[in-house]
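Asks: need a 3D model of the following:
(chains A and B)
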Amino acid sequence: MDQSKQEEEYGYNLFPERNTGNNKGKSIAQSLFTFNHKCQVMLQFAMETSPYAKLLLSAMKSSGCKVLKERHFSCEDCDGTVSGGFDAESSQIVLCQNNIHQQSHMNRVVTHELIHAFDHCRAHVDWFNNFRHLACSEIRAANLSGDCSFSNEVSRFNFGLKQHHQECVRGRALRSILAVRKISREEAEKIVDEVFHTCFNDHEPFGRIPHGKKDAGFAYRDYENRDRYYANL
Amino acid sequence: AIPPRACDDYWSEFRHCKSLRNCFHNYYTYGTSPSCKQWKEDYHNCKEWEKHRGAEAKDALQKSERNRVAEQRNFTPVWELRRDPPRDWHMPLNQEKPQDS
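Replies: Numbers count the residues shown, from 1 in each chain, chains lettered A, B, ... in the order given. Below you'll find the predicted structure:
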């Protein structure tokens, strides 16, 4: 199929700098007049200090997918309001430097995209042809990254309490799918419903749903101790 | 054999479980209040195991942890797990992949 159709079909039109097969170097002008440097700095900070990110990076390394900042992350300008993406073709996480302005947001986006990368690394995820796989990874990413924390939802004016977390995960997974694939809302909802129970309960590599830094810290501690843990069950 | 976790870890999990914050998050996620007493039991069994090397305490603790592991795996995955990581993960960026349509 021709390139432009493929771009639209898989959501690549949201990331105009990702010309398939073409990797341009950054000019000095690009570095000066874009948020590129700020993005790099925030990314570094996230990788070093966020317990969510550190756990995922550790888990990926153990699975044989060591993450190298220069190779696997790319700060770019993106369309609209999208914050980031995972490009399975090039094994890269895209961070939208023009849409991420706060460290807390960066931490969350890095975590979210690393969950996709982690799924890509540990399973045969058919990103392009299997909507159930795509939905599953989106459910997991919304569930485990802090995307659906109470405070984040309140800041979006989504006020809900009892079991609202699940509603949020469903909604965000749905939005993510609709943003990058051409299917109807009904179809997407059906797919999300089909895989929701399984994917909502898959907490790898956290072992729990981390609701904040303390949870994530406990999860990281558990991860570090996993050898001792499994040896003594 | 030694306990799967350091005994203090069980206590800190128990305290964390009982905290107001966690109670809130549990309600926000599951619509119920959390059940924390297993952590407390595990802590006591852990201490018992360490101090007196009792077989009962050891068995109880291991059973509890195995149950936790089983709960985490209580679903059928939608995808097949890999045996090896994806081959192109480490491939340099400017390498063209063979185009297939």
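Asks: for chain A, which segments are assigned as strands?
Replies: A:73-76, A:84-87, A:92-96 (DSSP state E).
Asks: make a markdown table out of those strands and add mean neighbour count, distance to A:E138 and mean pLDDT.
Replies: Yep, even glycine has a C-beta here, placed from its N, CA and C like the rest. Listed next are the strands of chain A as a markdown table, based on neighbours: other C-beta atoms under 10 Å in any protein chain shown; distance: least, C-beta to C-beta, whole Å; pLDDT from 0 to 100:
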| stretch | mean neighbour count | distance to A:E138 | mean pLDDT |
| --- | --- | --- | --- |
| strand A:73-76 | 23 | 20 | 96 |
| strand A:84-87 | 24 | 10 | 95 |
| strand A:92-96 | 23 | 15 | 97 |
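Asks: A:V125 is nearest to which of these?
Replies: strand A:84-87 (10.0 Å; C-beta to C-beta).
Asks: could you check how far the closest one is from the centre of its chain?
Replies: Remark: strand A:84-87 is offset 7 Å from the chain centroid, using C-alpha atoms, centre = their mean, to the nearest Å.
Asks: what's the lengthiest helix in chain B in contact with?
Replies: Assignment by DSSP state H gives helix B:55-72 as the longest helix of chain B. By C-beta atoms under 8 Å, 6 or more residues apart in numbering or on different chains, the residues outside helix B:55-72 that reach it are A:203, A:207, A:229, A:232-233, B:1, B:3-5, B:38, B:41-42, B:44-46, B:48-49.
Asks: where do the helices sit along chain B?
Replies: Using DSSP H, helices in chain B cover B:7-18, B:20-30, B:37-52, B:55-72.
Asks: picking up where we left off before, just send the strands of chain A back as a markdown table, with distance to chain B too.
Replies: Listed next are those as a markdown table, based on distance: least, C-beta to the nearest C-beta, whole Å:
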| stretch | distance to chain B |
| --- | --- |
| strand A:73-76 | 9 |
| strand A:84-87 | 11 |
| strand A:92-96 | 8 |
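Asks: so which of those gets nearest A:E153?
Replies: strand A:84-87 (19.2 Å).
Asks: paired strands for the closest one, with orientation please.
Replies: strand A:92-96 (antiparallel) (DSSP bridges).
Asks: residues touching the strand it pairs with, excluding its own?
Replies: Against strand A:92-96 from outside (C-beta under 8 Å, 6+ apart): A:15, A:18, A:39, A:43, A:71-78, A:82-87, A:106, A:109-110, A:113-114, A:116-117, B:93.
Asks: okay, residue 44: pLDDT?
Replies: Answering for chain A, as no chain was given. Among the per-residue scores, A:Q44 shows a pLDDT of 97.
Asks: try chain B instead
Replies: For B:H44, pLDDT reads 96.
Asks: low-scoring pLDDT stretches of chain A, where are they?
Replies: A:1-8, A:19-33 (pLDDT under 70).
Asks: kindly recompute the last result at 50.
Replies: Within chain A, the set of residues satisfying pLDDT under 50 comprises A:1, A:21-23.
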